[in-house]
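> Task: produce atomic coordinates for the following.
(4 chains)
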2 protein chains.
Amino acid sequence: MAPPVGRALKHVQVREYVRGLVTGSAPGSPAPSERELVQRFGVARMTVRQAMDALVVEGLLERIPGRGTFVARPRRAPSKITGFTEEMARRGMLAESQTLLARREQAGPGVARALSLTEGDAVVHWRRLRRADGVPMCLEDAYLNEVLLPGFLQSGMPTSLYDSLAARGLRPTWAEDSITADKATPEEAGLLEVEPSSVVLRHSRRAVSGEKVVEVSRTVYRADRFTLWVQLGQGC
Amino acid sequence: MAPPVGRALKHVQVREYVRGLVTGSAPGSPAPSERELVQRFGVARMTVRQAMDALVVEGLLERIPGRGTFVARPRRAPSKITGFTEEMARRGMLAESQTLLARREQAGPGVARALSLTEGDAVVHWRRLRRADGVPMCLEDAYLNEVLLPGFLQSGMPTSLYDSLAARGLRPTWAEDSITADKATPEEAGLLEVEPSSVVLRHSRRAVSGEKVVEVSRTVYRADRFTLWVQLGQGC
DNA sequence: TAGTGGTCTAGACCACTAT
DNA sequence: TAGTGGTCTAGACCACTAG
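Next up is the predicted model:
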């Protein structure tokens, strides 16, 4: 394959060429040597190193001095920040949602603080009963900053909140969760179709995209149907 | 301050000089310009860029084209992988432990699989009742690969498992946790000093350091005393 | 206009690995 | 010995920002 032509930066051309060669290769496979790429693209070696550096930082390549550059074994990664739809898909289950409430409200003190707003500011309150493979799994109350989501309530509610946040460039980049065990309230038990005072898992989330708080939610899961899985790590 | 002298690599000298200038500075403070560092250290600009690149990747500096290089605002980071002692300290509580059991065992099928061992291999089983500010908080069963921890049982049990792992260069770099809500067994209720069938939070962990599985544990927390906090993020 | 970071060149020498 | 990545030089031009 010839080096691509275009007005793209040279280190980007090299980087994407190598990425193309390398994606799909088994870990440990050799990448082209730096001097080989210098020849192929007719660029300086520092330019090639800039390209390779980026792929090394990404975790795609691994350099071994004296030996060469190789496809890195995929690093164990921390959990992605996902919503219910994506999480259930990952478990091979079909997520369904029943909207119980979707309206504009004035933020109370707790929600205002969590969303970094002022009390009384407009928020979207969205309450859903969520099923996996037809069985009630959890009850979720999400609060969203209306200013960040103009026309959200009018545009017809999506299935996946996180998809529609992503579509607006507001995919969460950071989230803080708190998790407790508790007993269901009578109302929760009724909606979740469990005995009164059944054990539940309560999960609160505050999700941030860049500097903006995009979601504050409280979710109550049936303990008999749901285990929370989290991966932690120092890698990215 | 004069450039340090020594046989250290030049880009390392520059990097550590800048790090020293910058740590403690407020986010947004300017770092020295690249050309200024070229003058000060008498090195090539590419060498300075190599030094600065490292600090940018670390998240310490931020480059703004046309303006300069500045101290980055600390990025929101995912949770560190901590044990009970460290976690309680973070909450301003004093962690105490009472060892209920500490012995060499043969790994059963479940523990063997989780520790990436063969059934019957030697493992350390360590059961502790853990208190925070004197109140029972959780009951933890940890299983450790004895081969990775020679003399662990003989050397007197430490307070913090994670400290002693760190001392052997086995600080976890990745962990997978699962969290469920449940009711305490009679034995658990007795040890945790709660009513029988009280609500508890069950937390399982499999912690890895590099490629080695260093800890497998199951912990049961009093739900009335403990909330799990987790931060997730794409930054490192 | 002066200064900044972003890109790029065309070399060089080193330590290390593999044959 | 040949090849690899690691380090380093002494320049250059560009687009952008700020005064």
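
> wait, what's in contact with residue A:174?
By CB atoms under 8 Å, 6 or more residues apart in numbering or on different chains, the contact set of residue A:174 is A:81, A:207-208, B:76, B:78, B:231-235. The way it works is simple: take the backbone N, C-alpha and C, and place the C-beta from them, glycine included.

> hmm, 6 Å instead?
Applying CB atoms under 6 Å, 6 or more residues apart in numbering or on different chains, we find residue A:174 in contact with A:208, B:76, B:233.

> now do residue A:201
Residue A:201 makes contact with A:221, A:223, B:181, according to CB under 6 Å, 6+ apart.

> Among these, which one has the most neighbours?
Using other CB atoms under 10 Å in any protein chain shown as the neighbour criterion, residue B:181 leads those with 27 neighbours.

> Hmm, residue A:181 and that residue touching each other?
Yes. Residue B:181 lies in contact with residue A:181 (CB atoms under 6 Å); the separation is 3.5 Å.

> returning to that earlier point: please flag which of the contacts of residue A:201 sit within helices.
Using DSSP state H, the subset of the contacts of residue A:201 located in helices is empty.

> Dump the least confident helix or strand in chain A by mean pLDDT to PDB, keeping only the CA atoms.
Between all helices and strands in chain A, the lowest mean by mean pLDDT, DSSP states H and E belongs to helix A:161-167, at a mean of 92. Output in PDB follows, covering the C-alpha atoms of helix A:161-167 (Å, rounded to 0.1, in the frame of the first residue of the first chain):
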ATOM      1  CA  LEU A 161     -30.300   8.700  27.500                       C
ATOM      2  CA  TYR A 162     -26.600   8.200  27.000                       C
ATOM      3  CA  ASP A 163     -27.000   7.800  23.200                       C
ATOM      4  CA  SER A 164     -28.900  11.100  23.100                       C
ATOM      5  CA  LEU A 165     -26.300  12.800  25.300                       C
ATOM      6  CA  ALA A 166     -23.600  11.500  22.900                       C
ATOM      7  CA  ALA A 167     -25.500  12.800  19.900                       C
END
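
> where do the strands sit along chain A?
All strands of chain A, identified by DSSP state E, fall at A:61-64, A:68-71, A:95-106, A:122-132, A:135-145, A:174-183, A:199-209, A:212-222, A:228-233.

> okay, those strands in TSV with distance to DNA strand C and mean pLDDT next?
Formatted as TSV, the strands of chain A follow (distance: least, CB to the nearest atom of the strand, whole Å; pLDDT from 0 to 100):
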stretch	distance to DNA strand C	mean pLDDT
strand A:61-64	7	96
strand A:68-71	9	97
strand A:95-106	41	95
strand A:122-132	38	97
strand A:135-145	31	97
strand A:174-183	23	97
strand A:199-209	23	97
strand A:212-222	24	97
strand A:228-233	28	94
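
> And these: which comes nearest residue A:40?
strand A:68-71 (14.4 Å; CB to CB).

> Pull out the buried residues from that closest one.
With burial defined by 16 or more other CB atoms under 10 Å in any protein chain shown, the residues of strand A:68-71 counted as buried are A:69-71.

> Could I get the contacting residues of residue A:88?
Residue A:88 is in contact with A:95, A:132, counting by CB under 6 Å, 6+ apart.

> I'm done for today, thanks for sticking with me.
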